[in-house]
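> Okay, sequence plus prediction incoming.
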Amino acid sequence: MRPGEIAEQAGVNRQTLRFYEREGLLPSPKREGNGYRDYPVSTVALVRFIKHAQALGFTLDEARALANLRRAPGANRLKVRTLAQHKRDDVRQRIRGLQAIERALTALVDTCCHTDAPRCPILEALDDPTTQPFTRSQT
């Protein structure tokens, strides 16, 4: 299949295919006599698989590992489960970090008096050298 056909059926653009190929996520396609790349039909499913993995937050390296494990799913079920558990734990940690950021921003917004006062308490808090900057370790 030509790159345009793969891209259309997989819901990506041609640059994504080239990128995946450069990153080793897709095998190099064979070349036709005219130099056009010719991908196997199975590439559509592989590209969709990678995009689904990315949508769940897996990095390209993790998607590559999952794609490799996909070749023998029954034998690799525990490895796949472990990768998914690690990703879930990472997502939960990021959610906690975002919730802490939200609390800090809410506290800043709540200090705002909604008037035309000459001083802005939010800017003052951000400018205050004695205030510790928010870091993820505060979660």
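Everything's here; your move. Numbering: from 1, shown residues only.
> Where is the longest helix in the chain?
Criterion DSSP state H: the longest helix present in the chain is helix 77-111.
> Could I get the buried residue list for that helix?
83, 87, 97, 100 (16 or more other C-beta atoms under 10 Å). The C-beta positions use only the backbone N, C-alpha and C, and glycine is treated the same way.
> Who are the packing partners of it?
With contacts defined as 3 or more C-beta pairs under 8 Å, 6 or more residues apart in numbering; DSSP states H and E, the packing partners of helix 77-111 are helix 60-69, helix 121-127.
> which outside residues touch stretch 66-82?
Under the criterion C-beta atoms under 8 Å, 6 or more residues apart in numbering, residues 25, 46, 49-50, 53, 58, 83 lie in contact with stretch 66-82.
> Now flag whichever of those residues is closest to residue 5.
Nearest to residue 5 among those: residue 46, at 14.2 Å, using C-beta to C-beta.
> can you list the weak-confidence ranges in this structure?
132-139 (pLDDT under 70).
> okay, now the domains of it?
Per the record, the chain has its domains at 3-71, 88-138, by automatic domain parsing.
> what distance separates the last one from the centre of its chain?
The one in question is domain 88-138. Relative to its parent chain, domain 88-138 has a centroid offset of 25 Å by C-alpha atoms, centre = their mean, to the nearest Å.
> Could you state which residue of the protein sits nearest its centroid?
Central residue of the chain (C-alpha atoms, centre = their mean): residue 57, 4.2 Å from the mean position.
> Verify the stated contact: it with residue 90.
Yes - with contact defined as C-beta atoms under 8 Å, residue 57 reaches residue 90; the gap is 7.4 Å.
> follow-up on the earlier one: redo the domains of the chain as TSV? Include distance to residue 78.
Below are the domains of the chain laid out as TSV (distance: least, C-beta to C-beta, whole Å):
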stretch	distance to residue 78
domain 3-71	10
domain 88-138	15
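> deepest of those domains, which one?
domain 3-71 (a mean of 15; mean count of other C-beta atoms under 10 Å).
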